[in-house]
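Trainee: sequence first, predicted coordinates after that:
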Amino acid sequence: MDRPQAISFQLVIAPVLKDPLLGLLSSILKRKLSHYYENDVKHKPSQAPAFRAISIIREFLVERMSVKASVSSFGPIRQREFMEWSRDKHGHGASYIARNLSVVSSAFHYAKKLVAIEDAFGTRHEIQLLTSAPDVVTQGKAVAKLVSLPVPEPRHYLPTMEEFGGFIDSIDKRQENLFRFVMLSLNTWARPDTIIDFRDTPQQVNRRFKVIDLNPIGREQTDKHRPNIPARDNLLNWLDEWNREIPLLWNKVAALMMKQTFKRQAQSIGLEEFTQGTIRHFMATYARRQHPRPDQEQLDVWLGHDKKRTANPYESFDPEYLLEAKLATESIIAQLQKHTKRPLFARKVRANGHLTLIVGKEDVA
């Protein structure tokens, strides 16, 4: 990093020094974590777990690494030492260790980007802190193998149609955000953070070709790839009925998470294992039971597992694109409708209409 960049960065991080979590910024490595947290993840749904991860990593750096530790020093040896330290001192499992390391990986990726950042005085600076960084282990299975921990087991819980229908009917009319979250999840099979980030804009919703781009502008694709998928008529009808750019609003600002709201609702009807991520698993599993059954390639593309195919945005304009997966989605929701009283299919709103769904004085989560 050259001298001018270093000076600019000191201006940028000046306010951060007040944060007890990131107070020890003499370490070069800690600065990268601070840079990522303050300028990228702080206002995202993943803020809370990232905050906890950075606090744990900071503790490790203070105990085990030099005050002036560089990014390059956090290579395979140090990463394995962090895994062992997390296992022995905190009793963390492989999946949790991997999630914490994924924050380091994301911080490194962000530090390699040229970004415009505003300092405490309102002056904007172009900052690129890194040109290269070590690869970081982010898979639970790899962590388990390296430090002799049990291999993470996938969740096996799958709600029945009756249970899922009961969950939907238990959602109070005042909990409009929760219902919208469920509908977006059913129609896209997307991960929870993807649903939270979703916006009804021309950049993400192409109504002409009926395609949804689940990756918002400005977000770099990661291992959790967000693909282009067909926009089902039902989803477009819901978006037209909601008639707002940000489907999930809380006190007139974008909702940052739905985890606790979803958890409380599920527990209230005795479905403790039913989480917001269960819907993605539910759709992918039931899709395999439909006729015609989508082949594995279509399932992988829809779920964002096949990066080579999802890298071609023009392919999604083909009317036959992921057709079997699209039909499976419609079939599953139709089957689920038989087990819930609340409509899962939105009425069609005319293109020139301006219908807005109002629930009480404001939406609630």
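Mentor: Ah, there it is. Residues are numbered from 1 along each chain as shown.
Trainee: helices of the stretch 201-350 of the chain, residue ranges please.
Mentor: Ranges of helices in the stretch 201-350 of the chain, per DSSP state H, counting those that start in this stretch, are 233-242, 259-268, 278-287, 296-303, 307-310, 323-337.
Trainee: figure out which of the ones you listed is closest to Met161.
Mentor: Met161 lies closest, by C-beta to C-beta, to one member of the helices of the stretch 201-350 of the chain: helix 323-337, at 5.8 Å. Where C-beta positions appear, they are placed from N, C-alpha and C, glycine not excepted.
Trainee: could you list the buried residues of the closest one?
Mentor: Taking 16 or more other C-beta atoms under 10 Å as the basis for neighbour counts, the residues of helix 323-337 that come out buried are Glu324, Ala325, Lys326, Leu327, Ala328, Thr329, Ser331, Ile332, Ile333, Leu336, Gln337.
Trainee: CA atoms of it as CSV?
Mentor: Coordinates of each C-alpha in helix 323-337 appear next as CSV, following Å, rounded to 0.1, in the frame of the first residue of the first chain:
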residue,chain,number,x,y,z
LEU,A,323,-38.7,-24.6,-17.4
GLU,A,324,-39.0,-27.8,-15.4
ALA,A,325,-37.9,-26.2,-12.2
LYS,A,326,-40.3,-23.4,-12.8
LEU,A,327,-43.2,-25.8,-13.3
ALA,A,328,-42.1,-27.7,-10.2
THR,A,329,-42.3,-24.4,-8.2
GLU,A,330,-45.8,-23.8,-9.4
SER,A,331,-46.9,-27.4,-8.6
ILE,A,332,-45.4,-27.3,-5.1
ILE,A,333,-47.2,-24.0,-4.2
ALA,A,334,-50.4,-25.4,-5.6
GLN,A,335,-50.1,-28.4,-3.4
LEU,A,336,-49.3,-26.3,-0.4
GLN,A,337,-52.4,-24.1,-1.1
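Trainee: angle of it against helix 296-303?
Mentor: Here helix 323-337 runs at 70 degrees with respect to helix 296-303, directions being taken by axes from the mean of the first three to the mean of the last three C-alpha atoms, to 10 degrees.
Trainee: counting by contacts, list what helix 323-337 packs against.
Mentor: Secondary-structure packing of helix 323-337 (3 or more C-beta pairs under 8 Å, 6 or more residues apart in numbering; DSSP states H and E): helix 161-169, helix 176-188, strand 228-230, helix 278-287, helix 296-303.
Trainee: in CSV: these, plus mean pLDDT, distance to Glu272 and mean neighbour count.
Mentor: As requested, the helices and strands packed on helix 323-337 are exported to CSV (pLDDT from 0 to 100; distance: least, C-beta to C-beta, whole Å; neighbours: other C-beta atoms under 10 Å):
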stretch, mean pLDDT, distance to Glu272, mean neighbour count
helix 161-169, 96, 12, 18
helix 176-188, 96, 17, 22
strand 228-230, 92, 30, 25
helix 278-287, 95, 11, 20
helix 296-303, 91, 25, 20
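Trainee: dump these to JSON lines, plus distance to Pro202.
Mentor: Conversion of these to JSON lines gives the following (distance: least, C-beta to C-beta, whole Å):
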{"stretch": "helix 161-169", "distance to Pro202": "30"}
{"stretch": "helix 176-188", "distance to Pro202": "18"}
{"stretch": "strand 228-230", "distance to Pro202": "14"}
{"stretch": "helix 278-287", "distance to Pro202": "26"}
{"stretch": "helix 296-303", "distance to Pro202": "22"}
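Trainee: relative to Ser268, which of these is closest?
Mentor: Comparing those under C-beta to C-beta, the one sitting nearest is helix 161-169, at 9.6 Å.
Trainee: picking up where we left off before, out of the buried residues of helix 323-337, which is nearest to Lys210?
Mentor: Out of these, the one with the shortest distance to Lys210 is Lys326. That distance is 9.7 Å, counting by C-beta to C-beta.
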